[in-house]
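**Q** Attaching a predicted model along with its sequence, questions to come.
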Amino acid sequence: MTDFDLLIMDWYRQNKRDLPWRRTNDPYKIWLSEIIMQQTRVEQGLSYYLKFIDTYPTVFDLANASEQEVLNLWQGLGYYSRARNLHFTSKTIAFEKNGKFPNTYKELLLLKGIGTYSAAAIASFSFKEPVGVVDGNVYRVLSRVFDIETPIDSSEGKKLFFELAQNLINKEKPDIYNQAIMEFGALQCSPSNPNCSVCPLSTICLSSGVGTITSRPVKSKKIKITDRYFHFMLFNFDGNTYLEKRINNDIWLNLYQFPLIESRDNSEITNWEKYTLNNPSKVSSEIKHILSHQRIHAKFYHFSEKPNTIDSNWKKIKLSEIQDFPLPRLIDRYLENE
């Protein structure tokens, strides 16, 4: 399919969205956009990208920020390990590499938080190295056009799709080609209701010919979802409250939350003796929060007095200062609706 790359790039020239990271070859800005846009819709990620570029115009500015400042700016975007890795790698680039990003795919892979997709994107967009990107959009396009039933989450599938992407890439314009195939997957060859009737690849798309569009790509593994039950204690006394920092190797690492009791099921917590002798003045309805492998069932228990026991990792703050701390989106959303 020698025309594949040309058809994709021709479609891209006519249909691409005007996004700020497409107007630069600065590896810092491209790296920032790629990390932010992982697991994130463009509509949401764009505002975060602009905030980060405005707050941290260079990798040195990001490296010199505190982790809490970075997490605060990231708040609401989710997958906070991305923000921690972003901050860690900014220090590596700024202080160990004098602000210069590695300019090859293999060297970029050595940086924390940069996997095969991000390394290929930065290498091709910034340095025009012909390395094919393979993200969710690319998996979908290639599996449909070539009617590939090998699961994309298998070792065999990952190798097959990477090699295919590498064979198809336009060696003269790898940056344009990679942007084009991802954009094509996002806008034209979408997960549901792909616009096949006006698709420029319809004559060469094997899945379209045999009716397997809706079953491509194939995944072999089912994600096991774990249910967890969180009971947050919200103390409100003299305009003050308590927060605790999550320090264990778990979700929301280094974010702040109201003091938490976790239970094995969704039974109401009634035994508050360790912290207060009074029953809560208000109990919220259950709030469900879906993460990639976990389903959080949360309730907020309001107390209008100071706790009689304070754990060592609790931090007393003014209620008016709560937004100065990086909070999980679950808690932030609850406070917005209060």
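**A** Happy to help now that I have it. Numbers count the residues shown, from 1 in each chain.

**Q** going forward, measure contacts and count neighbours with C-alpha atoms only.
**A** Noted.

**Q** so what's I247 up against?
**A** L253, N254 (CA atoms under 8 Å, 6 or more residues apart in numbering).

**Q** and it, how far is that from Q257?
**A** With distances taken as CA to CA, to the nearest Å, I247 is found 11 Å from Q257.

**Q** separation between F101 and K91?
**A** Counting by CA to CA - F101 and K91 are separated by 12 Å.

**Q** With G136 instead?
**A** 29 Å.

**Q** Between these two, point out the one with more neighbours.
**A** More crowded of G136 and K91, by other CA atoms under 10 Å: K91, with 21 against 16.

**Q** In space, what's closest to that one - neighbours in sequence excluded?
**A** A63 (4.7 Å; CA to CA, 6 or more residues apart in numbering).

**Q** Verify the assumption that that neighbour is located in a helix.
**A** Yes: using DSSP: H, G, I helix; E, B strand; the rest coil, the assignment for A63 is a helix.

**Q** From Y28, how far off is it?
**A** 12 Å.

**Q** can you check N240 too?
**A** Taking CA to CA, one finds N240 at 40 Å from Y28.

**Q** quick one, helices of the stretch 151-300 of the chain?
**A** Assigned by DSSP state H, counting those that start in this stretch, the stretch 151-300 of the chain shows helices spanning 155-168, 174-187, 206-210.

**Q** Between N240 and Y28, which has more neighbouring residues?
**A** Y28 (21 against 16).

**Q** and the strand or helix carrying the more buried one, what does it pack onto?
**A** Using DSSP states H and E, the element containing Y28 is helix 27-37. In terms of contacts (3 or more CA pairs under 8 Å, 6 or more residues apart in numbering; DSSP states H and E), helix 27-37 is packed against helix 42-55, helix 81-91, helix 116-127.

**Q** Need the pLDDT of the residue in the chain sticking out farthest from the centre.
**A** Residue farthest from the centre of the chain, counting by CA atoms, centre = their mean, is L277 at 41.5 Å. L277 is assigned a predicted lDDT (pLDDT) of 77.

**Q** still on that earlier bit, hey, which of the helices and strands packed on helix 27-37 is tucked in deepest?
**A** Ranked by mean neighbour count under mean count of other CA atoms under 10 Å, those are led by helix 116-127, which reaches a mean of 25.

**Q** relative to helix 155-168, how tilted is the next helix or strand after that one?
**A** Using DSSP H and E, the helix or strand that follows helix 116-127 in sequence is helix 136-145. Angle, helix 136-145 to helix 155-168, by axes from the mean of the first three to the mean of the last three CA atoms, to 10 degrees: 90 degrees.

**Q** Okay, angle between helix 136-145 and helix 116-127 too, please.
**A** Using the same axes, to 10 degrees: helix 136-145 against helix 116-127 is 100 degrees.
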